[in-house]
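Enquirer: Provide a 3D model corresponding to the input given below.
(chains A and B)
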Amino acid sequence: MVLGVAGRTSAAQRSAPPFRWGGDAEGGAPFVEADPADPSRVRGFDVEIAEMIARGLGREAQFVQVAWASISQSAERGDFDIGLSGIEDRPELRERQSLTIPYFEFREVLAVRPADRDRFRTLADLAGRRVATLGSTTAYDILLGEQPRLKLTPVSYDDDVHPYTDLIAGRVDGVLLDHIIAERRLRTLGGFVIQPEPVATGHYVGVLAKSNGALRDSVNAILRDRMRDGSLERAFRKWQVWDDGQANYFARAVADTVVAAAPDSPRGATSAMSYLPSLVRAAGITIGISFLSMALAVVFGIVIAAGRVYGSPIVRGALAVYVEVVRGTPVLLQLFVIYYGLSGVVRLPAFLAAVIGLGLNYAAYESEIYRAALEAIPRAQLEAARTLGLSEGQILRLVRVPQALRLALAPMTNDFVALLKDSSLVSVITVVELTKQTAIYATNIGSWVVPGILCALIYLSLSLPLSRFARRLERRWSLT
Amino acid sequence: MESHVSGSPAGQAASALTVRGLYATRGTIPVLRGVDLDLATGEICALMGVSGAGKSTVLRAIAALQRFDDGSIDVDGFTLQPGAVPPESRLKALRRKVGFVFQAHSLFEHLTVMDNVTLAPIHAQGWTRERARDVARGLLETLGVVARAEAYPRQLSGGEAQRVAIARALALDPHVLLMDEPTSALDPARRGALGDTLLALAKQGRGLLIATHDVDFAQDHADRVAVLADGVLVEHGRARDVLANPTHPATRALLEA
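Expert: Next up is the predicted model:
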């Protein structure tokens, strides 16, 4: 998606190709947000920086919307010239792409509930507890690094609102994120406090394709000029993120003492393999969620199907509405409603919410399979059972259900394989399962090739035996 | 047991089934328009008529599988009233008195022949497994299919499947056996064998009411014939008399078919 951006256009600018920059408007103010006065435009300090750079290059800025976690890889693909959206300077990113000099220094700060202000002052105080942050960030890396020592549980989110709402709700005991985000959420949500002592400091940079070193150098020169002439300071002041720390940092940067951080020792195949255990663990989560949701879907699906075949008109109508609503709305929406929407009424742990969400969703589909299977049993059999004096319950239990289950087996297996894959959706409610873990892995090493193949192999090793098992079972039953 | 003089050639034999003024509709269309029928113990009665004459409706009403709108049905002291079919819990006595052999596809496909026959005795009557299997084995033996006791329905021939269905209906020793078109799936040799089986069942003191349009079968094996046309009993008497000297056009049409 390309949105128009404010800016005067001169004849020279018109002839030059537009300066395309990528950002995520979902990230919101003060970085990039849709302008409330004109949602087709974006605003924020990253927007102003992009425009400064474009003017410096004599080109016209053009915004490209990209999901935040994909910005660096999208830049490498050449979707735009530069990514600017609170991108953090991380060693592994520096290794595989061209990064500008940092234009902003931020602090990783800890947010806790007011009652815990004195109890949880540092990360060490949160030993053994759940700490939330955004996935694929420096903060997440810090938490992962502390995990073995402090036995804390990092909980990764895809947005920066829900870590704080879950903190207030008591699902997590701390949130580690950039001070800009923490202060913004304190203003919009309230209900928590920010500990004054930062856990670490980090920097925002622009990210370009590895081969784009020449443009990176031009951008660096422009950024240093804008630090010197105060334009950057004005932009940050306008968005109320300027402070003394920033002034100190600019002094160092203009004096040219800020150089690209030395890359860490290169990561090779060994580090790629080091992700395998976490993939296997994540596969365990995928299997657990799939089996438990399927069990719930089968039990609940049988109840719905029985109600729709045997129930009173009111019961039948209510169940029909349930089935149509569940089948007619996205499972993603249902997961959000169960996890976040209901959190005022019942605060489900993420794993349980995932199982219930997927289970209730698939129950609607299972119930249709069972209903069709129940109705496929010849009426003569059911009437024969009646003339033999079997009760309705006995007919259902001894005659109808055993045969219906055989008919339902093949479609059920298909559904289970589909569920196995759909279980990847639960990452939106913070469950790190196989696909999410693969995405984290791929983001960290900057390539989808090895993680993608490993992930696919794990999914196949789960789904293929299932299909084979079902075919065998069907063959055995069809012989009898 | 109540004694009933039916005016039928069966004479003084005890009545197994009495139907009076049976009236039934499908939607608003009358299917049965006042049918009287008697069945004595030890008797085979062929209920004849072309397709759609109402034969199946009579059997289904007697077996309390469908409602009727007027008249009464009495099976060996158990009376069915017009209106909706009562819940199964109030039909337990009827279920022991009346056996029903369906036209096709009525065997439980997921159960062996033995389990088909023993299912109701064990679960509906609470017999022990041993007793149910002994009775079932005896019935299957009599019907000549005991060798197939462990087979599944789809492995049976049409004739075998029908004899298993009969064995299943007989497991609770009903006084009245209702059969819907029993010869439709059988070749001529099998029809003769079925006839012999039915005669033996009648000799044991059961009343057999058989819906059929198979004239040869009725002629050879039925004691009595009742002919239905458009929901009314148009002819009624000894099989030989009715089929040799038909008086009603419907009977003649049946014979010519």
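
Enquirer: where does chain B dip in pLDDT?
Expert: Residues of chain B that meet the criterion pLDDT under 70 lie in B:1-13, B:105.

Enquirer: the longest helix along it - contacts with which helices or strands?
Expert: Longest helix in chain B by number of residues (criterion: DSSP state H): helix B:188-203. In terms of contacts (3 or more Cβ pairs under 8 Å, 6 or more residues apart in numbering or on different chains; DSSP states H and E), helix B:188-203 is packed against strand B:44-48, helix B:158-170, strand B:207-211, helix B:215-221. Bear in mind the C-beta positions are built from the backbone N, C-alpha and C, glycine included.

Enquirer: does chain A have contacts with the longest one?
Expert: Yes - contact of helix B:158-170 with chain A (Cβ under 8 Å from any Cβ of the partner chain) involves B:165, B:168, B:169.

Enquirer: got the buried residues for the helix or strand hosting residue A:472?
Expert: If you go by DSSP states H and E, residue A:472 is part of helix A:449-479. Neighbour counts over helix A:449-479 (16 or more other Cβ atoms under 10 Å in any protein chain shown) mark A:450, A:451, A:454, A:455, A:458, A:459, A:462, A:463, A:470 as buried.

Enquirer: give me the mean pLDDT for that helix.
Expert: Averaged across helix A:449-479, the pLDDT comes to 84.

Enquirer: what is it packed up against?
Expert: Applying 3+ Cβ pairs under 8 Å, 6+ apart, one finds that helix A:449-479 contacts helix A:276-310, helix A:401-422, helix A:434-445.

Enquirer: the inter-axis angle of that helix versus helix A:434-445?
Expert: Between helix A:449-479 and helix A:434-445, the angle comes out at 160 degrees (axes from the mean of the first three to the mean of the last three Cα atoms, to 10 degrees).

Enquirer: show me which of the buried residues of helix A:449-479 is closest to chain B.
Expert: Distance to chain B, by Cβ to the nearest Cβ, is smallest for residue A:470 among the buried residues of helix A:449-479, at 17.6 Å.

Enquirer: reformat the helices and strands packed on helix B:188-203 as a markdown table; add mean neighbour count.
Expert: Compiled in a markdown table, the helices and strands packed on helix B:188-203 are given as follows (neighbours: other Cβ atoms under 10 Å in any protein chain shown):
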| stretch | mean neighbour count |
| --- | --- |
| strand B:44-48 | 27 |
| helix B:158-170 | 24 |
| strand B:207-211 | 26 |
| helix B:215-221 | 19 |
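
Enquirer: make a markdown table from the ones you listed and add distance to residue B:141 to it.
Expert: Shown next, in a markdown table, are the helices and strands packed on helix B:188-203 (distance: least, Cβ to Cβ, whole Å):
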| stretch | distance to residue B:141 |
| --- | --- |
| strand B:44-48 | 22 |
| helix B:158-170 | 9 |
| strand B:207-211 | 20 |
| helix B:215-221 | 22 |
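
Enquirer: what about the helices in chain B?
Expert: Using DSSP H, the helices found in chain B span residues B:55-62, B:92-97, B:113-123, B:129-142, B:158-170, B:188-203, B:215-221, B:239-244, B:249-256.

Enquirer: partner residues bridging the residue most central in space within chain B?
Expert: The residue lying closest to the centre of chain B (Cα atoms, centre = their mean) is residue B:178, at 1.1 Å. Using DSSP bridges, the beta-bridge partners of residue B:178 come out as residue B:100, residue B:209.

Enquirer: which residues does residue 100 contact?
Expert: Using chain A here. A:82, A:205, A:206, A:207, A:208, A:216, A:219, A:220, A:223 (Cβ atoms under 8 Å, 6 or more residues apart in numbering or on different chains).

Enquirer: wrong one, I was asking about chain B
Expert: Shown here is residue B:100, whose contacts under the criterion Cβ under 8 Å, 6+ apart are A:383, A:384, A:387, B:59, B:63, B:65, B:169, B:177, B:178, B:179, B:180.

Enquirer: how many other residues sit next to residue 237?
Expert: Answering for chain A, as no chain was given. Other residues near residue A:237 number 14, with proximity taken as other Cβ atoms under 10 Å in any protein chain shown.

Enquirer: um, chain B though
Expert: Residue B:237, neighbours per other Cβ under 10 Å, totals 16.

Enquirer: hmm, it is touching residue B:225, no?
Expert: Yes - Residue B:237 is within contact range of residue B:225, at 6.8 Å (criterion: Cβ atoms under 8 Å).

Enquirer: which bits of chain B sit near chain A?
Expert: When proximity is defined as Cβ under 8 Å from any Cβ, chain B approaches chain A at B:63, B:65, B:88-89, B:91-92, B:95-96, B:98-100, B:102-110, B:119-120, B:123-125, B:152, B:154, B:165, B:168-169, B:171-172.

Enquirer: what subset of those is buried?
Expert: B:63, B:65, B:88, B:91, B:95-96, B:98-100, B:102-103, B:106-110, B:119-120, B:123-125, B:152, B:165, B:168-169, B:171-172.

Enquirer: in the stretch 151-300 of chain A, which residue sits nearest chain B?
Expert: Residue of the stretch 151-300 of chain A nearest chain B, by Cβ to the nearest Cβ: residue A:298 (18.6 Å).

Enquirer: hang on, that residue packs against residue A:415?
Expert: No - counting by Cβ under 8 Å, residue A:415 is not a contact partner of residue A:298; they are 9.6 Å apart.

Enquirer: wait, doesn't residue A:246 sit right on residue A:236?
Expert: Yes - the pair residue A:246 / residue A:236 is scored as a contact, 6.4 Å apart, by Cβ under 8 Å.

Enquirer: if we can go back for a sec, run the chain-centre distance for the longest helix of chain B.
Expert: For helix B:188-203, the separation from the chain centroid amounts to 14 Å (computed by Cα atoms, centre = their mean, to the nearest Å).

Enquirer: picking that back up, quick one: common contacting residues for residue A:246 and residue A:236?
Expert: In contact with both residue A:246 and residue A:236: residue A:104, using Cβ under 8 Å, 6+ apart.

Enquirer: more crowded one of the two?
Expert: Using other Cβ under 10 Å as the criterion, residue A:246 and residue A:236 rank with residue A:236 on top: 21 against 18.

Enquirer: for that one, which non-adjacent residue is spatially closest?
Expert: Excluding its sequence neighbours, the residue lying closest to residue A:236 (Cβ to Cβ, 6 or more residues apart in numbering or on different chains) is residue A:242, at 4.2 Å.

Enquirer: could you check how many residues crowd around residue A:241?
Expert: 18.

Enquirer: list the contacts of it.
Expert: Residue A:241 sits in contact with A:30, A:45, A:104, A:180, where contact means Cβ under 8 Å, 6+ apart.
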